[in-house]
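A.B. asks: Fold the following for me, if possible:
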Amino acid sequence: MGIMSKILGGGGTHSAEDYVELDLDDFENARGGAGMQVHIAEIADQRDVIDIKDAVYDGDFVIADITRHSTTDQTVERIIDELRQVVSEVDGDIVQKGDDQLVITPTGVTVSREKLGE
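C.D. replies: This next block holds a predicted model:
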């Protein structure tokens, strides 16, 4: 299974061991260490939103696991509303992928609502 399948694939909870670290020293040097980062987050409660907001304000991309909450849970609704405000402020984007993930993007980055190849 490819790394993007692991990141965006559904089902189950993933740990740090599920992700393969690639040697990107040459890539880092080529881009000068600047640019957007992709963060993987888990939202267990309202406090976890602070780090996600900070990352988006800093211009980073976040994939957040919300499997600890039911999609009908009012906490998730409040969290999504709060994150919607952030992406509105920075002109980013937010989408929910299935019942278990949120994709939150910074300024100028949108998420296509269509799968590749469709």
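
A.B. asks: What are the boundaries of the strands in this structure?
C.D. replies: With DSSP state E as the criterion, the chain has strands at 38-42, 61-65, 93-97, 101-105.

A.B. asks: Can I get these in JSON lines including distance to residue 19 and mean pLDDT?
C.D. replies: (C-beta placed from N, C-alpha, C; glycine too.) Shown next, in JSON lines, are the strands of the chain (distance: least, Cβ to Cβ, whole Å; pLDDT from 0 to 100):
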{"stretch": "strand 38-42", "distance to residue 19": "7", "mean pLDDT": "95"}
{"stretch": "strand 61-65", "distance to residue 19": "11", "mean pLDDT": "96"}
{"stretch": "strand 93-97", "distance to residue 19": "17", "mean pLDDT": "94"}
{"stretch": "strand 101-105", "distance to residue 19": "15", "mean pLDDT": "96"}
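
A.B. asks: Residue 84: which of those is closest?
C.D. replies: Residue 84 lies closest, by Cβ to Cβ, to one member of these: strand 93-97, at 5.8 Å.

A.B. asks: contacts for that closest one?
C.D. replies: Contacts to strand 93-97, defined as Cβ atoms under 8 Å, 6 or more residues apart in numbering, come from residues 8, 10, 71, 80, 83-84, 87, 102-105, 109-111, 113.

A.B. asks: Among these, which are located in helices?
C.D. replies: If you go by DSSP state H, the contacts of strand 93-97 have 8, 80, 83-84, 87 in helices.

A.B. asks: All set now, cheers.
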